[in-house]
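# coords please:
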Amino acid sequence: MNPYEVLGVDRSASAEEIKKAYRTAAMKNHPDRNPGDHKAEERFKKVARAYEVLSDPSRRDAYDRYGTTDDPGSAQGMGGMHDIFSGFGLDDAMRAFMENFGFSSGGSGSRVVQGDDVTVRVNLDLEEVALGGRREIEVERNISCGECSGTGADKASGTESCRNCNGMGKVSSVRNTLLGSFRTVDQCHVCNGRGSIPKKLCGHCRGKGFEKKKSTIAVDLPAGLSKGHYIRLRGQGHFPGQGGVPGDLRLLVNNIDYGPFIREEENLVYPLTISYPQAVMGHEFSVPLPEGDSMSIKVPSGTHAGTRIKQKHQGLGRINRRGRGDLLVEIDIHVPGKVKKSEKELLKKLEDSPSFKIKKK
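Below is the predicted model:
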C-alpha cells in the first residue's frame, strides 16, 4: 500500500503537511471516537504506520526510490515491493499516536534503548558498481565494554534493584486529554528499563557500558549501486551500553568514478571519436569494458555522427534484478579545423563526386 495515499498527501508534501494530515486522520479514526468500529481501527493503524514511514527521512527516501521501506541492500529490499503495513498492530498504532502527539511511550512493556547509527561514506570504482564485490571498511564506534560486558557495573560489586521503579523497569502515569484519560507506561529513566542499577560503576568504562574502538568490517556490495544509495547493516552501529542494543551501520555511496563512461541508469555510454574516412569506409576499434578489459567492435561503413552501437550485457549490474545493462558506443566524427592545400583539392574532388552529392528528398 501507498503511505502517501493513506494520508492523502502528494509525494512532494512537506514534513509539516504530512504531520498535519496525520493528526487529522488519526483523530478522525481513533478507537475512542469510534468504539466497536473495526474498520476505523484498521484505518487508524494504517495512518499511524504511514506516518512512521513518511516522518523518517531515510525510510521515506527508501520508499520513494524503491517502492518499499526495506533496505535496498537486504534480501527483502532486493525483492521489490512489500506491504509496509504488515505486522503492525493496534498497540503499535496507539504507541505511535501517543508519541507523535507529545506523550511518552504508550506500550505496556519497557522499550529497549537502541544505540545511534553510524554512517560511513565510501567512494566506489566502476568495477564495483558494474559487478558488485566485497569492500572492507574501517569504522570507529562504541562497542560493549570488555570489562563489564556492557552492564556498566563493577564485576565484583554487581547490581541492586532500582528504587525508582522498584525493580520493574518501568513507571506509569495518567494524563488527561480531549479524548479522555490515557495511562502511559514508560521505561524507567534511572535504570533504562533493566530494573537494576550498578552498586559500583565499572572502572574501565566509568559506568557507561561501552568503549570506543576502531574495527574493520567486510561489506558485500550489490551490483548497480548509485550515488546517494546506502546499505544498512543491522546491529553494527554504536552500542548504547547498560542493556541496550547497537544501532545500525549505514554505508553511504558518496561518489562513483565512471572513468571514460557516462552512466544512463543501468547502461554505460562510451563516446568514440572516429575520422571522416573511417565513418565512410568502416573500421574496427577497441573499446574498454567497465571491468577493465576491452573488446573489439566494428563500425560499419556509412556510420553517422550520433549513432549508438549497442553491446548487450556489458553495462552495469541491476540493483534489484538479474543481468546487466548494455554498453552503448556513441560515435562522433572528427572534423579538422585546418587542412592543407593538397587536402582541400582532394576534398573538392570528393564534393563533386556523385557518391558525396547530397540527395534532395
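# just how off-centre is whichever strand or helix holds residue 45 within its chain?
When secondary structure is defined by DSSP states H and E, residue 45 falls within helix 38-54. In terms of C-alpha atoms, centre = their mean, to the nearest Å, the centre of helix 38-54 is set 24 Å apart from its chain centre.
# quick one: name whatever helix or strand follows that helix.
Downstream of helix 38-54 (by DSSP H and E), the next one is helix 57-66.
# only the C-alpha atoms, please, for that next one, written as CSV.
Output of helix 57-66 as CSV, limited to C-alpha atoms (Å, rounded to 0.1, in the frame of the first residue of the first chain):
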residue,chain,number,x,y,z
PRO,A,57,13.6,10.9,6.1
SER,A,58,15.6,7.7,5.4
ARG,A,59,12.6,5.5,5.2
ARG,A,60,10.7,8.0,3.1
ASP,A,61,13.7,8.2,0.7
ALA,A,62,13.8,4.3,0.5
TYR,A,63,10.1,4.2,-0.3
ASP,A,64,10.4,7.0,-3.0
ARG,A,65,13.3,5.2,-4.6
TYR,A,66,12.3,1.6,-4.4
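# what angle do that helix and helix 38-54 make?
Here helix 57-66 runs at 100 degrees with respect to helix 38-54, directions being taken by axes from the mean of the first three to the mean of the last three C-alpha atoms, to 10 degrees.
# chain center to helix 57-66: distance?
Computed by C-alpha atoms, centre = their mean, the chain-centroid distance of helix 57-66 equals 7 Å.
# strands along the stretch 251-361 of the chain, start to end?
Taking DSSP state E, counting those that start in this stretch as the criterion, the stretch 251-361 of the chain contains strands spanning 262-264, 267-275, 283-288, 294-299, 308-311, 327-334.
# direction included, what does the shortest one pair up with?
Right, the one you point to is strand 262-264. When pairs are called by DSSP bridges, strand 262-264 turns out to pair with strand 267-275 (antiparallel).
# likewise the third one?
Here strand 283-288 has these sheet partners by DSSP bridges: strand 294-299 (antiparallel).
# buried stuff in the strand it pairs with?
Across strand 294-299, burial judged by 16 or more other C-beta atoms under 10 Å covers 297, 299. In short, each C-beta sits where N, CA and C put it, glycine included.
# for the protein, which spans come out with low pLDDT?
66-112, 175-182, 243, 361 (pLDDT under 70).
# show me it divided up by domain.
Using automatic domain parsing, the domain parsing of the chain gives 1-102, 262-356.
# just put the strands of the stretch 251-361 of the chain in a markdown table and tack on distance to residue 186.
Formatted as a markdown table, the strands of the stretch 251-361 of the chain follow (distance: least, C-beta to C-beta, whole Å):
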| stretch | distance to residue 186 |
| --- | --- |
| strand 262-264 | 49 |
| strand 267-275 | 53 |
| strand 283-288 | 61 |
| strand 294-299 | 64 |
| strand 308-311 | 62 |
| strand 327-334 | 58 |
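# for the ones you listed, which one sits closest to residue 343?
Closest of these to residue 343 is strand 267-275, at 12.4 Å (criterion: C-beta to C-beta).
# then that closest one to PDB, C-alphas only?
What follows is strand 267-275, C-alpha atoms only, in PDB (Å, rounded to 0.1, in the frame of the first residue of the first chain):
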ATOM      1  CA  ASN A 267      23.600   1.400 -19.300                       C
ATOM      2  CA  LEU A 268      27.000   2.900 -19.900                       C
ATOM      3  CA  VAL A 269      27.800   5.200 -22.800                       C
ATOM      4  CA  TYR A 270      31.300   5.300 -24.300                       C
ATOM      5  CA  PRO A 271      32.000   8.300 -26.600                       C
ATOM      6  CA  LEU A 272      34.100   7.200 -29.500                       C
ATOM      7  CA  THR A 273      35.500   9.800 -31.900                       C
ATOM      8  CA  ILE A 274      36.400   8.500 -35.400                       C
ATOM      9  CA  SER A 275      37.700  10.200 -38.500                       C
END
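# got the angle between that strand and strand 327-334?
Computed with the same axes, to 10 degrees, the direction of strand 267-275 lies at 30 degrees from that of strand 327-334.
# contacting residues around strand 267-275?
Residues from elsewhere that reach strand 267-275, judged by C-beta atoms under 8 Å, 6 or more residues apart in numbering: 130, 258, 260-263, 283, 285, 287-288, 290, 299, 303, 308, 314-316, 325-334.
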